[in-house]
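**Q** Quick one, fold the following:
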Amino acid sequence: IVDDFERALDEVTDGPHRVKPGNVPAMRALIQAFNNAASESRLLITSRYAFTLPDAHGRELADKLLALSLPSMHGTDSLKQGRARIRELSEDSQDTRELRERLPQIIAMASGNPRLQDLLMRLAMRDADKCDQCLGEMQAYLERGAQPESGDVHAFLENLALERLMELLGQGQSAVDIRQ
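**A** Below you'll find the model as predicted:
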């Protein structure tokens, strides 16, 4: 089991993520070993993102993997992710207490979408007022009743959260900086 594989990926804006260069040889060897094995053993790689990993001849090794989408996070998983993010602050400060108080609303607005929840948590840690503004705008949007398909709602809400994060970036920063 290779868990949280997204940590080993470089983000690509116009396609699937790429395996970081330092991880390429090991991942190539691992996938090829499982592919060539005459065994009942299976390789499980968990990642929030699709990725590309060409072998030394340019053939795509990721094509040898079966992609399975998991259902949205709910209840305990959302809470677990939120608490883990709060623990990253590792101090019992006023900011940490405020983030704990804001967590239920963040979880509710993320509606089981781990990426959206993570974006909202990052926004809350960087600027509580912007997070509150974003959560209020999201709530207002959802209360209008004219919701598009679920995927569209999540895309809209993610873009709204990204817009607030982009407002926080300094002149020398880029969108990639907030996703690392």
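**Q** tell me the centre residue of the protein?
**A** Central residue of the chain (Cα atoms, centre = their mean): Arg115, 3.6 Å from the mean position.
**Q** ok, the closest residue to Met138 other than its chain neighbours - contacts?
**A** Once flanking residues are discounted, Met138 sits nearest to Met109: 4.9 Å by Cβ to Cβ, 6 or more residues apart in numbering. Using the backbone N, CA and C atoms, a C-beta is placed for each residue, glycine as well. Applying Cβ atoms under 8 Å, 6 or more residues apart in numbering to Met109 gives the contacts 116, 120, 135, 138-139, 142, 157.
**Q** ok, now which residue in this structure is the farthest from the centroid?
**A** Ala38 (34.6 Å).
**Q** residue ranges for the helices of this structure, please.
**A** For the chain, the helices defined by DSSP state H cover 24-36, 75-87, 94-110, 114-126, 128-143, 150-168, 175-179.
**Q** residues touching Asp55, list them.
**A** 28, 32, 61.
**Q** one more time with 6 Å, if that's ok
**A** The contact partners of Asp55, taken as Cβ atoms under 6 Å, 6 or more residues apart in numbering, are 28, 61.
**Q** Distance of it relative to Ala38?
**A** To Ala38, Asp55 is 20 Å away according to Cβ to Cβ, to the nearest Å.
**Q** and if you look at Leu119?
**A** From Leu119 to Ala38 the distance is 44 Å (Cβ to Cβ).
**Q** rewinding a little: buried deepest among the helices of the chain, which one?
**A** Stretch with highest mean neighbour count among the helices of the chain: helix 114-126 (a mean of 21; mean count of other Cβ atoms under 10 Å).
**Q** Helix 94-110 and that helix, what's the angle between them?
**A** 150 degrees (axes from the mean of the first three to the mean of the last three Cα atoms, to 10 degrees).
**Q** With just CA atoms, put helix 114-126 into PDB.
**A** Extracted C-alpha coordinates of helix 114-126, given in PDB (Å, rounded to 0.1, in the frame of the first residue of the first chain):
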ATOM      1  CA  PRO A 114     -11.900  16.600   0.600                       C
ATOM      2  CA  ARG A 115     -10.200  19.100  -1.700                       C
ATOM      3  CA  LEU A 116     -12.700  21.800  -1.000                       C
ATOM      4  CA  GLN A 117     -12.500  21.100   2.700                       C
ATOM      5  CA  ASP A 118      -8.700  21.400   2.600                       C
ATOM      6  CA  LEU A 119      -8.900  24.700   0.600                       C
ATOM      7  CA  LEU A 120     -11.300  26.100   3.200                       C
ATOM      8  CA  MET A 121      -9.100  25.000   6.100                       C
ATOM      9  CA  ARG A 122      -6.100  26.600   4.400                       C
ATOM     10  CA  LEU A 123      -8.100  29.800   3.900                       C
ATOM     11  CA  ALA A 124      -9.200  29.800   7.600                       C
ATOM     12  CA  MET A 125      -5.600  29.400   8.700                       C
ATOM     13  CA  ARG A 126      -4.300  32.200   6.600                       C
END
